[in-house]
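Participant: Have a look; sequence and predicted model below, questions after that.
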Amino acid sequence: MGEPAAPHIGGDYDRVAIITGADSGIGRATAVALARQGFDVGITYHSDRQGAEDAAAEVRDCGSRAAVRRHDLTDPQAAAAVVDELADELEGLGVLVNNAGTGSTRPVLDMDYAEWRSVLAVDLDGPFLCAQRAARRMIARGAGGRIVNVTSVHEEHPRVGSGPYCAAKGGLRMLARVLALELSAHGITVNTVAPGEIATPMTGQADRPPEPASRPGYPLARPGDAREVAAAIAFLAGPMASYITGSSLFVDGGLGLMGPQAAGALESADWRAG
């Protein structure tokens, strides 16, 4: 797998990033944020090709190259091959952002095995296989790299009706920590970014900004903006995060302090009175 990389501040890893699920929301905002930092960007999508092409256009408007591939993580072994395809087209790979994901709303006792497996395939199996391919390329290059897994506050906090989602996000957090140990000798850092409720298509809030004071149970009483999460991902993907690995960065407006299940059910801010 190559010799371990020498310790260094910053890094000379390839300024090429692959972001899964970058056709909308957090992934698209991250593509633009990294392009503004000088990264060429590989964009994957599941069904919204036009969204992916629009994201690629935004990347090119920043002066960076972009490449687009369909990426169906319900078949994660086949989908992971896209990592190598994009890396070949963009002539390198220094950053992988495992952002693509799906959710569930059915109680565990009412869920069949096929539904359980479909969520884990997208949210855990896919990131494992993509990270494996990306890390092998980074090691062969010998210049280090960055892997950032986008999880959720539910990597730590449970939610009713989200059994496989919570299990996958918790597993992805622990996978990142194991990889952080295994890849550290090669100058590759591995971290997670754990968003709270973000105003994106996944939360049914497409094309509208977060509404101030709309979430009385949250310390910062609104959903987050995708660009706020993208800024955190871009930092961890950048050269100045070279001494951070195995960490989870929560971008949740303090939601985790309240307990996400209960906070979302509060209809007033009376809790602030103590």
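Facilitator: Thanks, I have the structure now. Residues are numbered from 1 along each chain as shown.
Participant: burial count for the spatially closest residue to residue 46 that is not a sequence neighbour?
Facilitator: In this structure, residue 46 finds its nearest non-sequential neighbour in residue 72, 5.9 Å apart by C-beta to C-beta, 6 or more residues apart in numbering. C-betas here are computed from N, CA, C, even on glycine. Here the neighbour count serves as a burial measure; for residue 72 (other C-beta atoms under 10 Å) it reads 17.
Participant: Angles on the backbone of residue 72, please.
Facilitator: As for residue 72, its main-chain torsions (degrees, to the nearest 10) stand at phi -100, psi 100.
Participant: and what of residue 12?
Facilitator: Its backbone dihedrals place residue 12 at phi -110, psi 30, with angles given as degrees, to the nearest 10.
Participant: who's in contact with the nearest residue to it once chain neighbours are set aside?
Facilitator: Leaving out its chain neighbours, the residue that sits closest to residue 12 by C-beta to C-beta, 6+ apart is residue 143, at 5.0 Å. The contact partners of residue 143, taken as C-beta atoms under 8 Å, 6 or more residues apart in numbering, are 5, 11, 12, 13, 14, 94, 187.
Participant: now swap in residue 79 and tell me
Facilitator: Counting by C-beta under 8 Å, 6+ apart, residue 79 touches 71, 72, 73, 126, 129, 130.
Participant: And residue 67, by the same measure?
Facilitator: Listed by C-beta under 8 Å, 6+ apart, the contact partners of residue 67 are 40, 41, 42, 43, 56, 86, 89, 90.
Participant: what's the closest of the residues you listed to residue 166?
Facilitator: residue 43 (27.4 Å; C-beta to C-beta).
Participant: is it true that the closest one lies in a helix?
Facilitator: No - note on residue 43: no helix contains this position according to DSSP: H, G, I helix; E, B strand; the rest coil, which reports strand.
Participant: neighbours around it, how many?
Facilitator: Applying other C-beta under 10 Å, we find 29 residues neighbouring residue 43.
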